[in-house]
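Student: below is the structure, and that's it, no one-letter string:
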């Protein structure tokens, strides 16, 4: 029985309809959502075909798909059109060629670009990640954790326990681009000091925010308001300014003084001019209260 794996984002129309149509034809082919929770080098692929709808936004998916192609799967869309190679694909390739290589596992990303909604965009991911199985495959501790696409030995961690592995994994994300930290406060400081990779990480982050604002404005037929919240949205006037740069054409304008003066931790602050077509606000969040509410709701079921 041949299998088709589907890797999807937030869309709910085409993917389930496609899977239902394939399965009801009873032609010796089945379709399903691919389930991914970390991939071993040169790992066989159970799919004859993989239909990809989201890997352009999820680097781990691209690494998975390249290895799947190496195993003989046909992939739509071709992940090599995005990046030609990476360390994980290299490990899979030389193993396939019969050359010895340290056992390698590529893990799901820790952080994602703005617009990725975890419970909607990442439905192919297995949760929780089977950490113990991956460590066992690697031969036990110690294990080495490093960026799948970075170079050299910067930000490489040798982990002797699961707690160490989890801690270092949780520091990845912006760290992979900046080479400094996953904390935006440290990235902003380094960028101000002229650190090239920190500036690149900052610009990439703000570009993604701007890109998704434009995309959602087009999808919704316009905007009434843009809200900044959370630690970065409330705390960084620079990020807010860069994220909104060039959006005047959409009616999004920023008052530079209001933006610099806004703190947003105690009250709602308007940082756009009063006559701006789109209101831009800094709104305080209370994440601890929301987590407590969700926990209470869960245990009350």
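Tutor: Looks like it came in fine. Computed from a predicted model, the values in this text were never measured in an experiment. Numbers count the residues shown, from 1 in each chain.

Student: pull the contacting residues for the most centrally placed residue in the chain.
Tutor: Central residue of the chain (CA atoms, centre = their mean): residue 112, 1.9 Å from the mean position. Contacts for residue 112 (CB atoms under 8 Å, 6 or more residues apart in numbering) come out as 57-58, 118, 121-122. Heads up, the C-betas are built off the backbone N, CA and C, glycines and all.

Student: same check, this time on residue 172
Tutor: By CB under 8 Å, 6+ apart, the residues touching residue 172 are 109-111, 147, 182.

Student: circling back: which of the contacts of residue 112 count as buried?
Tutor: Buried by 16 or more other CB atoms under 10 Å: 57-58, 121-122, out of those.

Student: in helices, which of these fall?
Tutor: Those of the buried ones among the contacts of residue 112 mapping onto helices are residue 121, per DSSP state H.

Student: specify which member of the buried ones among the contacts of residue 112 is nearest to residue 238.
Tutor: residue 57 (24.5 Å; CB to CB).

Student: pretty sure that closest one is touching residue 9, no?
Tutor: Yes: using CB atoms under 8 Å, residue 57 is in contact with residue 9, at 7.0 Å.

Student: longest helix in the protein, by residue count?
Tutor: Using DSSP H, we find that the single longest helix of the chain is helix 196-220.

Student: strands paired with whatever helix or strand comes next after it, and their directions?
Tutor: Sequence order places strand 225-228 as the next helix or strand after helix 196-220, per DSSP states H and E. Here strand 225-228 is paired, per DSSP bridges, with strand 279-282 (parallel).

Student: the partner strand: how far from the chain's middle?
Tutor: Relative to its parent chain, strand 279-282 has a centroid offset of 25 Å by CA atoms, centre = their mean, to the nearest Å.

Student: remind me which residues of the stretch 201-301 of the chain are low pLDDT?
Tutor: 264, 287 (pLDDT under 70).

Student: what about 90?
Tutor: The model of the stretch 201-301 of the chain has pLDDT under 90 over residues 201-212, 214-216, 219, 229-235, 262-267, 284-301.

Student: ok, now the stretch 51-200 of the chain?
Tutor: Within the stretch 51-200 of the chain, the segments meeting pLDDT under 90 span 55-59, 77-88, 90, 99-101, 109-121, 127-128, 146-157, 166-187, 196-200.

Student: for it, just list every one of the strands.
Tutor: Secondary structure of the stretch 51-200 of the chain (DSSP state E, counting those that start in this stretch): strands located at 74-76, 105-106, 143-145, 157-159.

Student: the domain parsing of the protein - what is it?
Tutor: 2-172, 185-287 (automatic domain parsing).

Student: looking at those, which is nearest to residue 293?
Tutor: Comparing those against residue 293 with CB to CB, the closest turns out to be domain 185-287 (9.7 Å).

Student: go ahead and confirm residue 42 touches residue 98.
Tutor: No: here residue 42 does not reach residue 98: they are 10.4 Å apart, not a contact under CB under 8 Å.

Student: between these two, who's got more neighbours?
Tutor: residue 42 (18 against 6; other CB atoms under 10 Å).

Student: alright, that wraps it up for me.
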